[in-house]
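K.L.:
Here is a sequence with its predicted model. Questions after.
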Amino acid sequence: MATRRSLGLRLAIAFPVSSLIGCAATPPPPAKTTPLPGVSFQIEERAHDGTFVLDPRSDRPLKVDANSRLVISFRVQPSDEVVQASGEWKRANGLLTIVLDMEKRRADLRAVEPDPKVPEAVDKHLKDLQSHADDLVKLLGDAQRLLSASAEFDPGFDLNAVLSGRFDGRPDLRKPYANLARWLRREIERLHAQAAALTAGRDKIEVTVEAFHDPVLGTRKAIHVENYDELPLGDLRPIDRLGLRLTPAEENRLRMELQQTEAAASLIREVQENGKKLKEHARRVLADLKQRFRSLEGLLRGRREGWTAAIDGAVAKLQGLALSPERKLIADSIVQDLQAYRRDIESLWSQIEKVTQIRQVLDGVDATTVEGILAGPQGFLQTIEELEAAVGGLVEWLPRGERLLKNVRDLAVGLTPEEALAIQPQQVKDFLDTLAKDFPATIRFIQMAVESFGGDSQAIVAAETLGATDAQPIPRTLDNLPDGAVELDHAGLTIGDRVSIRIRFRQKGTQPGEPGPVIDETTLRVTTVLTGLHRQIGVNLIFARAATGSEDAKEWKPNVAAVADLHFRIRKDDNRWKRFFNILDPGLGVHMASLDQGEDSIEFGMGVTASLLGGFLTAGYGWNLSVDDDADYYYVGIDLLDVLNTGKGKVLPGS
Amino acid sequence: MAIDYDGIIPPLTAEEVKDRLKNKTGWAAYVFIGPEDESDLGWEAALLVYNSSAKVLLYRVDDPALVAEWTDGKKPRGIALGPGGKKSILLNKSQAEDLVVLAGALAEVRRS
């Protein structure tokens, strides 16, 4: 079944229903601001069912309709708007209005003399006086805060200096309101000048917009962003909402899905059929591994006694022999080889503990499968790799041993039997005999085991990442920022693919064509879905059995089914039930399956299907078209590609 | 000396000060204690608040003994007095120099 959502989201159903209950509808997100004053942008999805703002900062996975248009629009405010949007400017203007009002109210109150015989008039006057006094405290507090905010631009002044007029050298203690108003006007002018200076540097800023498509299976590629790159737009290939017409991308995806699922089904069938053989093979491998490590341990540990003395004795004897110059050369070669063996064997003895450790691990594994070893004590693989590295460096032992034996044989001609025995210590001879017999096979076996256990999945991941398309975007300055657009129905994507949009603000480089440092970067990541009522077509790995019939027919057997079903995705999931429905994502439809219930080599069945979690889990009931009796069957299935996609999403950066 | 809302008035005796502080109703008053010095931030603050407020009386006394009735043996720099002198807040030197604190004290003593 075609992928609809990540496994992580599906598994969430098991836990956070309570957390969904706590979610509330959120208003459309504001435009994303940047570190540049007055510069912001917004990304919208324009789909068949409306326009929706996408928030790159959202914690929830973002889904967009696979046939929609993603529009990136920028807003670059002129300097006047920038300053007017600033909180400081607003506060200064607001205070200026209050100052003028307070001064007028003060003058009015001073002119009023309420008639003491009219208590209501006196009372009102007192209230007005109190109100003015309270407002004065608030005004002074606000002025104090504004002054603190601008302290870095206007150092050395406090509120007294402002109200007294000392701040600009025109002190007059009788006019505090006028003095404060004068300072506020100066502050507003300063903010205007500051905004103008900030926006003056905008022509040194460049903006790029890039978009990438991460298919469910496949490598990342860049896709065209209107006005921001020169990549081809691609053919119009909208995904059919309700019909069975497939886009080329969907066909490829289905083909890939079919191959993967068939391979998985074959593997499972093979395991079912050859289970006993595989177990027996694994048991033999384990037994062989144990035996070889015992042998290696015995070889190293058993020959240790008397090694040093024997080699030293042989070397002394060789050096004491009276030989012709030619035979002296042979003797020297034997001495060198013996001394080399002595050095190597000392080194290898240090590995005895590792060999013993592995042997003990193997002895402790009570498993009939190789997996039992892997699941066993921690560090087994690491230890075996270290040992392989240590003994792997001793590959020259065998040629050296052959040379040594040949030299000894040549030199022994003409020597007395005692002399011949003295130059060829029995310990070395036994060791070389055993080595020649067992050592190469042991090393090969260890190497094979390490390779087969270890694998090299990292290389595959690295290759995918490196395969990303590196198309050069068109940088635009802030005074020339048209809307960018990504036409998803031209991008050759299928349901479940991921699309990323990266917006970068950077300084212009010092050299033409050379990018400057990045000031701000935002990446929006979305997964493609179909919204509203729509169809899904995909392939599932199923386990089917006949409802009635022979025992063989009623066995659960792995097979492959093509499923077409209808789903409904609620676009405005603004309450917990809608979100829960979208996670559950049920579907109803039909299927066609390959089966293995009768005598025919190829069997087909068809029937009805129900699915959950966007097709991740399916169940169906159908009729085997290749048999006459007991044709009813039922199955449960999973979307294998969805599992793979989830795994990929976890390892590929930016996907 | 004293300043009322109409301007500077001649020096008053102790009895006259008490009489003014107690008998005037509906007015707040601020008594600054110290010599007349325009470079004194406390006095400057007193004048600024006076010139910002509606119907506040401002007095300056050289001798704290004149306002001993409100100082309770302490040595404040200023006294904010509510109407009729019934409610008072004493201000130390730093408080008396702080415009926000001084205006706040006068607003507070008005509340009765």
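P.N.:
Alright, I've got the coordinates.

K.L.:
For A:T34, give me its contacts.
P.N.:
For A:T34, the contact set (CB atoms under 8 Å, 6 or more residues apart in numbering or on different chains) comprises A:S40, A:F41, A:F505, A:I519, A:D520. All C-beta spots, glycine's among them, are computed from the backbone N, C-alpha and C.

K.L.:
Among those, which lie within helices?
P.N.:
With helices taken from DSSP state H, there is no overlap with the contacts of A:T34.

K.L.:
quick check, nearest of the residues you listed to chain B?
P.N.:
A:S40 (36.6 Å; CB to the nearest CB).

K.L.:
Next, work out how far apart that closest one and A:N227 are.
P.N.:
Counting by CB to CB, to the nearest Å, the gap from A:S40 to A:N227 is 18 Å.

K.L.:
Buried ones only from the contacts of A:T34, please, as a ChimeraX command.
P.N.:
Selection of the buried residues among the contacts of A:T34 in ChimeraX, burial being defined by 16 or more other CB atoms under 10 Å in any protein chain shown:
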select /A:41,505,519,520
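
K.L.:
Residues of chain B that sit close to chain A?
P.N.:
Counting by CB under 8 Å from any CB of the partner chain, chain B comes close to chain A at B:5, B:26, B:28, B:38, B:41, B:44-45, B:47-49, B:51-55, B:83, B:97, B:99-100, B:103-104, B:106-107, B:110-111.

K.L.:
now with 7 Å?
P.N.:
Within chain B, the positions near chain A by CB under 7 Å from any CB of the partner chain are B:5, B:26, B:41, B:44-45, B:47-48, B:51-55, B:99-100, B:103-104, B:106-107, B:110-111.

K.L.:
Just give the nearest non-adjacent residue to A:R506, would you?
P.N.:
Spatially, and ignoring its direct neighbours in sequence, A:R506 is nearest to A:V518 (4.6 Å; CB to CB, 6 or more residues apart in numbering or on different chains).

K.L.:
pretty sure the one you found is touching A:I503, no?
P.N.:
No. In this structure A:V518 lies outside contact range of A:I503 using CB atoms under 7 Å: 10.7 Å.

K.L.:
Show me what the longest strand anywhere in chain A is packed against.
P.N.:
Across chain A, the longest stretch assigned as strand under DSSP state E is strand A:532-546. If you count contacts as 3 or more CB pairs under 7 Å, 6 or more residues apart in numbering or on different chains; DSSP states H and E, strand A:532-546 packs onto helix A:248-273, strand A:557-569, strand A:587-595, strand A:632-638.

K.L.:
For chain B, which of these is the nearest?
P.N.:
Nearest of the helices and strands packed on strand A:532-546 (CB to the nearest CB): strand A:557-569, 58.1 Å.

K.L.:
And the residue of chain B most remote from its centre, which helix or strand is it part of?
P.N.:
Ranked by distance from the centre of chain B (CA atoms, centre = their mean), the top residue is B:S39, with 18.0 Å. Under the criterion of DSSP states H and E, B:S39 resides outside all helices and strands.

K.L.:
and stretch A:99-107, how far out from the chain's middle?
P.N.:
Stretch A:99-107 sits 63 Å away from the centroid of its parent chain (CA atoms, centre = their mean, to the nearest Å).

K.L.:
my bad, stretch A:406-425
P.N.:
Relative to its parent chain, stretch A:406-425 has a centroid offset of 67 Å by CA atoms, centre = their mean.

K.L.:
Please save the CA atoms from it in CSV.
P.N.:
C-alpha atoms of stretch A:406-425 as CSV (Å, rounded to 0.1, in the frame of the first residue of the first chain):
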residue,chain,number,x,y,z
LYS,A,406,63.6,-25.7,3.7
ASN,A,407,66.7,-24.0,5.1
VAL,A,408,66.9,-26.4,8.0
ARG,A,409,66.7,-29.3,5.7
ASP,A,410,69.4,-27.9,3.5
LEU,A,411,71.6,-27.1,6.4
ALA,A,412,71.0,-30.5,8.1
VAL,A,413,72.8,-32.2,5.2
GLY,A,414,76.3,-32.8,6.5
LEU,A,415,75.5,-32.2,10.2
THR,A,416,75.5,-34.8,12.9
PRO,A,417,72.0,-35.9,14.0
GLU,A,418,72.5,-34.1,17.3
GLU,A,419,73.4,-30.9,15.5
ALA,A,420,70.5,-31.2,13.1
LEU,A,421,68.1,-31.7,16.0
ALA,A,422,69.6,-28.8,17.9
ILE,A,423,69.0,-26.3,15.2
GLN,A,424,65.4,-27.4,14.7
PRO,A,425,63.6,-27.3,18.1
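
K.L.:
which outside residues touch it?
P.N.:
The contact list for stretch A:406-425 (CB atoms under 7 Å, 6 or more residues apart in numbering or on different chains) reads A:A310, A:I311, A:G313, A:A314, A:K317, A:L318, A:L321, A:R327, A:I330, A:A331, A:S333, A:I334.

K.L.:
so which of the residues you listed comes closest to B:V61?
P.N.:
B:V61 lies nearest to A:I311 out of the contacts of stretch A:406-425, by CB to CB, at 112.8 Å.

K.L.:
Phi, psi for A:D628 please.
P.N.:
When read as degrees, to the nearest 10, the backbone of A:D628 gives phi -90, psi -40.

K.L.:
what's it in contact with, if anything?
P.N.:
No contacts exist for A:D628 under CB under 7 Å, 6+ apart.

K.L.:
From A:K554, how far off is it?
P.N.:
From A:D628 across to A:K554, the span is 17 Å (CB to CB).

K.L.:
got it, and A:I268?
P.N.:
17 Å.

K.L.:
same question, A:L493
P.N.:
For A:L493, the distance to A:K554 - CB to CB - is 42 Å.

K.L.:
So these two - more neighbours on which side?
P.N.:
Per other CB atoms under 10 Å in any protein chain shown, whichever of A:L493 and A:K554 has more neighbours is A:L493, with 26 against 15.

K.L.:
picking up where we left off before, burial of the residue nearest to A:R506, as a residue count?
P.N.:
By other CB under 10 Å, 11 other residues sit near A:V518.
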